[in-house]
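> Turn this into a model:
(2 chains)
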Amino acid sequence: MEHATQQPGTALSPLVVAWLALVALTLFSLVLGQWFHGAAWLQILFAAIVWIKGHLIARRFIESDLAHPFIRNVLRGFIAFTPIALVLTAFYGHQFARWATL
Amino acid sequence: MTAIAISAPETQQESSGQGHIPGNKGIWVGICCEFVEFLVLFVVYFVARAHFPESFEQGAERLSRLSGTAITLLMVTSSFFVACSVTTMRAGQRRRSLYWLIAGLVVALGYPVAKYFEIQWNLAQGINGESGIFFTVYYYLTFNHLVHAVWGILGILWVLARHLAGGYTAEDYSGLEALACYWHATDIIWLIIFPLFYVLV
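Coordinates of the predicted model:
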């Protein structure tokens, strides 16, 4: 049985939008870092920004939605690792340090 | 009667019903290895940061945020140009694809240049690999990324030479797409490194 497969795009506009979003998020994170220096909640926001940027590259540039599930999952896992680690160390940093002491 | 099974040639779109492999399988083995390597380094970063939060807070203040931002914008823009090269090749616009790839290479070359100036700036501020735990982790992670980026730049040069020789068509551009995947993966890694050292305090 034939499956209808999604075709990779040939339009540049989604790439332009993704690139503009990546540049805007980069500049936005710099401004946030300057204004709210040291705020605990900033870690969560930065974690979200890192995830969104990674997700944008995976979806728009690599076209992970059309890729084999293994590739899609590898990208999802790698992109999610640091944001999760950022949030966990922001709230449980001391416990993590104790746990990671030899 | 003998039944002869002939395996279908691997096409751009591996229509197994499970999605295609962007580029080729080999590049994804390499990208997975790259991801594992950097995951280990990120674990080292988080362990060090959990043990020495003050060193990480003070260390980030001393780095050149301008260099970090410049490298981020160069990586993102180069990645975008390479993605445009793949898309235009797919649309059968060979010459445009070539121009996008050259633009991607030129912007990518800005990364080692920016890194050189950053290191000069660091040394002028007395920052080297022995300036404390933060800077040890920073140098180890960012140099490692630079090495991967240099491989990527060499890859772009190789793909560019093949492209100039007419090695890619709208039907078969897997080499170009493989290079693009590697470059995008290296870009993702930098986008994670950037806030860890230059922004987050």
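> ok, for residue 68, nearest residue in space, not its chain neighbours?
By default, I'm working from chain A. residue B:19 (4.6 Å; CB to CB, 6 or more residues apart in numbering or on different chains). Quick note: C-beta positions are derived from backbone N, CA and C, even for glycine.
> um, chain B though
Per CB to CB, 6+ apart, closest to residue B:68 is residue B:198, 3.3 Å.
> next one: residue A:100
residue B:47 (4.6 Å).
> mind checking which helix or strand the one you found is in?
Residue B:47 belongs to helix B:25-51 when assigned by DSSP states H and E.
> got the contact list for stretch B:125-136?
B:48, B:51-52, B:55-56, B:58-60, B:62-63, B:122, B:139-140 (CB atoms under 8 Å, 6 or more residues apart in numbering or on different chains).
> tell me the average confidence for stretch B:29-42?
What stretch B:29-42 shows for mean pLDDT is 97.
> Show which residues not belonging to stretch B:61-79 make contact with it.
A:19, A:22-23, A:26-27, A:30, A:57, A:61, B:104-105, B:107-108, B:110-111, B:114-115, B:117-118, B:121-122, B:125, B:127, B:138, B:149, B:183-184, B:186-187, B:190-191, B:194, B:197-199, B:201.
> Would you mark the buried spots in that stretch?
Under the neighbour-count criterion of 16 or more other CB atoms under 10 Å in any protein chain shown, stretch B:61-79 has B:63-65, B:67-79 buried.
> gap between the most centrally placed residue in chain A and residue B:198?
The structure's chain A has its C-alpha centroid closest to residue A:51; by CA atoms, centre = their mean the separation is 1.9 Å. Distance, residue A:51 to residue B:198, by CB to CB, to the nearest Å: 18 Å.
> quick one: low-confidence parts of chain B?
B:1-17, B:201 (pLDDT under 70).
> related to what we said a few turns ago, for the residue nearest to residue A:100, what are its contacts?
Counted by CB under 8 Å, 6+ apart, residue B:47 has contacts A:96-97, A:100.
> ok so, going back, please convert the buried members of the contacts of stretch B:61-79 into PyMOL selection syntax.
To isolate the buried members of the contacts of stretch B:61-79 in PyMOL, using 16+ other CB under 10 Å:
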select buried, (chain A and resi 19+22+26+30+57+61) or (chain B and resi 104+105+107+108+110+111+114+115+118+122+127+138+149+183+184+186+187+190+191+194+197+198+199)
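> The contacts of stretch B:61-79 in strands, which ones?
Among these, no residue falls in strands (DSSP state E).
> So in chain A, which helix runs the longest?
The residue-count maximum for a helix in chain A (DSSP state H) belongs to helix A:69-99.
> For residue A:33, the count of nearby residues, please.
A total of 21 residues lie near residue A:33 under the criterion other CB atoms under 10 Å in any protein chain shown.
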